[in-house]
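Participant: give the three-dimensional model of this entry:
(2 chains)
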Amino acid sequence: MTVASVGWSFLTNPRAQWSVFGDWFFSQRVLEGVVTTVELTAVSMAIGLALGIMLAVMRQSRNPVLKSISWFYIWLFRGTPLLVQLIFWFNIAALYPQIRFGVPFGGPALFSGSANTVITATVAAYLALSLNEGAYMAEIVRAGLLSVDDGQREAAEALGLSRFQTMRHIILPQAMRVIVPPTGNETINMLKTTSLVFVLGQVLDLLTTVQLIYAANYKVIPLLLVASAWYLILTSVLYVGQYYLERRFGRGTARNLPPTPRQRLIALWRKWRPASAEVVA
Amino acid sequence: MSNGPMVKAEAVHKRFGALEVLQGIDLEVARGEVMCILGPSGSGKSTFLRCINRLEEINAGRLWVDGELVGYRQKGDVLHALPDRDISEARSRIGMVFQRFNLFPHLTAEQNIAIAPVKVQGVSKAEAKDRAARLLERVGLGDRGGSYPAQLSGGQQQRVAIARALAMQPKLMLFDEPTSALDPELVGEVLAVMRDLASEGMTMIVVTHEIGFAKSAADTVVFMDGGVVVESGPPLKVLDNPQHERTKAFLREVG
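Facilitator: Here you go, the predicted structure:
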């Protein structure tokens, strides 16, 4: 009852200016902001996952140097606020005015340039988000690797598979079952965390875009509602994706997987309309 | 060299920390021989088996498989540790069957069998699939290739595990208590597969508590206790007429 009345007052509050909401929801600028947010999320998660797998495998390795590098990386990037990392990468030019890739210690350069032109706000955003995510994903992946019974490694190695093949074909696929749910969580988190790039002022993600719009027209609440609605839609899409990923990596653990919502719908349809179902078949 | 014993152990020692699990094992397994190793738990029999394919590294002594040192290359008087690649190569010719099956749960029975031939021997996927189908037929599971391990009974899983080891065309099979994790009514089907294998001339070392199997299928029975070989010989001698007090006590308890 309380929920309904609060909801009603919210929906009918004239100050929410729902018509403004409608004007901006599908506007070109907002849609571009949505695309930028999705790109930031997808790319940072992909790099973060790759980094996380690498760091987790390094952490498990027998080589003490690799182990310490991994430990140090995770310590550093988990121990400092993401907001600080964002601002740090954006201002890296103050520390290293010139950036060059090439043979170290005075060898030929493959690429070089001024840090200010190389590390744009967008590059800084990608760097900060993915490097930070790598540290968190590393711990998630490591938990997944540890969840696989040691007998699996022994069986694979007894068959003559190398350590790398054992990791790639036996351990990692089984670890995925444990890795996927928290990774879905991380992705949803990342989607919202990308809004932090507003501090750079130049990356036109969803939040930065609506901020720029309401800075000009003062319609703060309706535009924040536009952004919130888009964030909710995007997270809902991720929920569905996560559901199917979990099924995919759950193969072989349950004797029979429960039906998907689509399969349930089809089953219901067949039950009610057996005749037409036969025609379709 | 190829006419010598399949496995030869000389004064093999293995320590876990301060615990000396193997205190000097000497034995030989001839080609085509079926050896059953019996003994109370903690006697070191499983550890010895795991040393043979170097899942465990030995601390002293020498161990040969098919005339080659396990895990080392000898130059003059010095032993050099083999690189991982050579150890994997040696392991690929030794089949191992585990007490808890250790099938890969994310792969079907057929994929469990086909993966090592494809990844290690470079066999084509089609040929590996073919090989898997024939092996499944051989262990009596011709129709279960598409099943995941969780959809199979313990006995069926262990038969798939045997087929998986056989897919690498091993010259030696190691069985580490292959029936100990099975319900009593499922033990027979696994032992039957192992009997077939023995009658086809496979060299086998079986760590087991199945006295009946040892009696009927083994050429040699070894009784281990406290990290040493207490007694060994043909089953009729060791099982029916044991000489040592410890062997007699053990047989009274399991018999």
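
Participant: all contacts plus neighbour counts: C-alpha atoms, from now on.
Facilitator: OK.

Participant: phi, psi of residue 228?
Facilitator: Using chain A. When read as degrees, to the nearest 10, the backbone of residue A:228 gives phi -60, psi -40.

Participant: to clarify, I was referring to chain B.
Facilitator: According to degrees, to the nearest 10, residue B:228 has phi -130, psi 160.

Participant: I'd say it and residue B:20 touch.
Facilitator: No - the criterion here is Cα atoms under 8 Å, and residue B:228 misses it with residue B:20 at 10.4 Å.

Participant: separation between the nearest residue to residue A:130 once chain neighbours are set aside and chain B?
Facilitator: Nearest residue to residue A:130, sequence neighbours excluded (Cα to Cα, 6 or more residues apart in numbering or on different chains): residue A:44, at 4.3 Å. Separation of residue A:44 from chain B (Cα to the nearest Cα, to the nearest Å): 28 Å.

Participant: quick one on the thing from earlier: with neighbour numbers in mind, choose between residue B:228 and residue B:20.
Facilitator: Taking other Cα atoms under 10 Å in any protein chain shown, residue B:228 and residue B:20 do not tie; residue B:228 has more neighbours (20 against 15).

Participant: mind listing the residues bridging to that one?
Facilitator: In this entry, residue B:228 is beta-bridged to residue B:225, by DSSP bridges.

Participant: so who does it touch?
Facilitator: Going by Cα atoms under 8 Å, 6 or more residues apart in numbering or on different chains, residue B:228 touches B:22, B:23, B:24, B:25, B:43, B:44.

Participant: next, check those against the helices and list the overlap.
Facilitator: The helices in this structure, assigned by DSSP state H, contain none of the contacts of residue B:228.

Participant: a markdown table for those, including pLDDT, distance to residue A:137 and neighbour count?
Facilitator: What follows is those, written out as a markdown table (pLDDT from 0 to 100; distance: Cα to Cα, whole Å; neighbours: other Cα atoms under 10 Å in any protein chain shown):
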| residue | pLDDT | distance to residue A:137 | neighbour count |
| --- | --- | --- | --- |
| B:22 | 96 | 42 | 26 |
| B:23 | 95 | 46 | 18 |
| B:24 | 94 | 47 | 19 |
| B:25 | 95 | 47 | 22 |
| B:43 | 93 | 43 | 19 |
| B:44 | 94 | 41 | 23 |
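
Participant: next, count neighbours for the residue in the stretch 101-250 of chain A that chain B sits nearest to.
Facilitator: Nearest to chain B, among the residues of the stretch 101-250 of chain A, is residue A:160, at 4.1 Å (Cα to the nearest Cα). Neighbour count for residue A:160, taken as other Cα under 10 Å: 29.

Participant: how close does it get to residue B:53?
Facilitator: 10 Å (Cα to Cα, to the nearest Å).

Participant: all helices of chain A, in order?
Facilitator: Under the criterion DSSP H, helices of chain A are mapped to A:2-12, A:18-25, A:28-60, A:64-79, A:82-90, A:115-118, A:121-146, A:150-158, A:163-165, A:172-193, A:206-217, A:220-249, A:261-272, A:274-280.

Participant: next one: the stretch 151-255 of chain B
Facilitator: Applying DSSP state H, counting those that start in this stretch to the stretch 151-255 of chain B gives helices spanning B:154-166, B:184-199, B:211-217, B:235-240, B:245-254.

Participant: tabulate those helices in a markdown table, adding columns for distance to chain A.
Facilitator: A markdown table is the format used below for these (distance: least, Cα to the nearest Cα, whole Å):
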| stretch | distance to chain A |
| --- | --- |
| helix B:154-166 | 7 |
| helix B:184-199 | 18 |
| helix B:211-217 | 24 |
| helix B:235-240 | 29 |
| helix B:245-254 | 27 |
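
Participant: deepest in the core, which of those is it.
Facilitator: Among the helices of the stretch 151-255 of chain B, helix B:154-166 has the highest mean neighbour count (mean count of other Cα atoms under 10 Å in any protein chain shown), at a mean of 26.

Participant: list the contacts of it.
Facilitator: Contact with helix B:154-166 is made by A:159, B:94-97, B:101-103, B:109, B:112-114, B:132, B:135-136, B:139, B:141, B:149, B:173, B:178, B:181-183, B:186-187, B:189-190, B:193, as judged by Cα under 8 Å, 6+ apart.

Participant: rerun at 6 Å
Facilitator: With Cα atoms under 6 Å, 6 or more residues apart in numbering or on different chains as the test, helix B:154-166 has contacts from B:95, B:101, B:113, B:135, B:139, B:182, B:186.

Participant: for chain A, which spans come out with low pLDDT?
Facilitator: A:106, A:251-258, A:273-281 (pLDDT under 70).

Participant: what is the neighbour count of residue 145?
Facilitator: In the absence of a named chain, chain A is used. Residue A:145: 24 surrounding residues under other Cα under 10 Å.

Participant: my question was about chain B
Facilitator: 19.

Participant: please apply the same query to the one 3 residues further on.
Facilitator: Taking other Cα under 10 Å as the neighbour definition, residue B:148 ends up with a count of 24.

Participant: flag every residue of the stretch 101-250 of chain A that's near chain B.
Facilitator: When proximity is defined as Cα under 6 Å from any Cα of the partner chain, the stretch 101-250 of chain A approaches chain B at A:151, A:152, A:158, A:159, A:160.

Participant: and the second one, how close does it get to residue B:61?
Facilitator: Spelled out, that is residue A:152. Residue A:152 is 29 Å from residue B:61, by Cα to Cα.

Participant: those two: who's more crowded?
Facilitator: Higher neighbour count among residue A:152 and residue B:61: residue A:152, with 19 against 15, using other Cα under 10 Å.

Participant: name the nearest residue to that one, ignoring sequence neighbours.
Facilitator: residue B:102 (5.8 Å).

Participant: cool, residue A:172 as well?
Facilitator: residue A:145 is the one closest to residue A:172 (Cα to Cα, 6+ apart), at 6.7 Å.

Participant: do residue B:243 as well
Facilitator: residue B:231 (7.8 Å).

Participant: how far away is that neighbour from chain A?
Facilitator: Distance, residue B:231 to chain A, using Cα to the nearest Cα: 29 Å.

Participant: returning to that earlier point: now the helices of the stretch 151-255 of chain B as CSV including mean pLDDT?
Facilitator: Converted to CSV, the helices of the stretch 151-255 of chain B look like this (pLDDT from 0 to 100):
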stretch, mean pLDDT
helix B:154-166, 97
helix B:184-199, 95
helix B:211-217, 94
helix B:235-240, 94
helix B:245-254, 91
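
Participant: quick one: secondary structure of the closest residue to residue B:201 other than its chain neighbours?
Facilitator: Using Cα to Cα, 6+ apart and skipping the chain neighbours, the partner closest in space to residue B:201 is residue B:32 (4.9 Å). Three-state assignment for residue B:32 (DSSP: H, G, I helix; E, B strand; the rest coil): coil.

Participant: that older thread, restricted to helices, list the contacts of helix B:154-166.
Facilitator: Using DSSP H, the subset of the contacts of helix B:154-166 located in helices is B:113, B:135, B:186.

Participant: skipping adjacent residues, who's closest to the second one in space?
Facilitator: Nearest residue to residue B:135 in three dimensions, chain neighbours excluded: residue B:163, at 5.5 Å (Cα to Cα, 6+ apart).

Participant: so how far is residue A:86 from the residue of the stretch 151-255 of chain B found nearest chain A?
Facilitator: Taking Cα to the nearest Cα, chain A has its nearest neighbour within the stretch 151-255 of chain B at residue B:151, 5.7 Å off. Shown here: residue B:151 relative to residue A:86, a distance of 50 Å by Cα to Cα.
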